[in-house]
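Engineer: Just need the structure, nothing else, for what follows:
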Amino acid sequence: MATAAQADSLAQAIADAYRNNPRLEAQRAELRSIDEQLIQAASPYRLNATLVGNFAYDEQRQRSLFTEGFGTNTRKTMGFAVSAQQILP
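Structural biologist: Predicted coordinates:
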């Protein structure tokens, strides 16, 4: 005598269908592929930002012609740049 298949719940029935139905699995794989293509197509339109910074410190000690000892010349330079670009559709 054959018995009917029973599931514990609707969620269990859906999970069993996904696990045991190759057509559903193929459709899900195709949908993941389409989602990935959409991400790749939209990527040039995303915001690209670049942040660059530098700091330099230079100290020179020189003997003075007019006074005894050494004189000190100090130079500090700093730079900072921000760049952002986005392609508009």
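Engineer: residue closest to the middle of this protein?
Structural biologist: With distances taken as CA atoms, centre = their mean, the residue of the chain nearest its centroid is residue 48 (9.9 Å).
Engineer: Settle this for me: that residue is touching residue 82, isn't it.
Structural biologist: No - taking CB atoms under 8 Å as the definition, residue 48 is not a contact partner of residue 82, at 11.9 Å. For glycine as for every other residue, the C-beta is placed from the backbone atoms N, C-alpha and C.
Engineer: Beyond the lengthiest helix in the chain, next helix or strand please.
Structural biologist: When the chain is parsed with DSSP state H, its longest helix is helix 22-42. Sequence-wise, the next helix or strand downstream of helix 22-42 (DSSP states H and E) is strand 48-63.
Engineer: mean confidence score for the longest helix of the chain?
Structural biologist: Helix 22-42 shows an average pLDDT of 87 in the prediction.
Engineer: separation between residue 20 and residue 60?
Structural biologist: 79 Å (CB to CB, to the nearest Å).
Engineer: for residue 76, same thing?
Structural biologist: From residue 76 to residue 60 the distance is 12 Å (CB to CB).
Engineer: And residue 46, by the same measure?
Structural biologist: According to CB to CB, residue 46 and residue 60 sit 46 Å apart.
Engineer: what do you get for residue 84?
Structural biologist: 38 Å.
Engineer: For the residue lying closest to residue 60 once chain neighbours are set aside, what is the enclosing helix or strand?
Structural biologist: Closest residue to residue 60 apart from its sequence neighbours, by CB to CB, 6 or more residues apart in numbering: residue 73 at 4.7 Å. Using DSSP H and E, residue 73 sits in strand 70-85.
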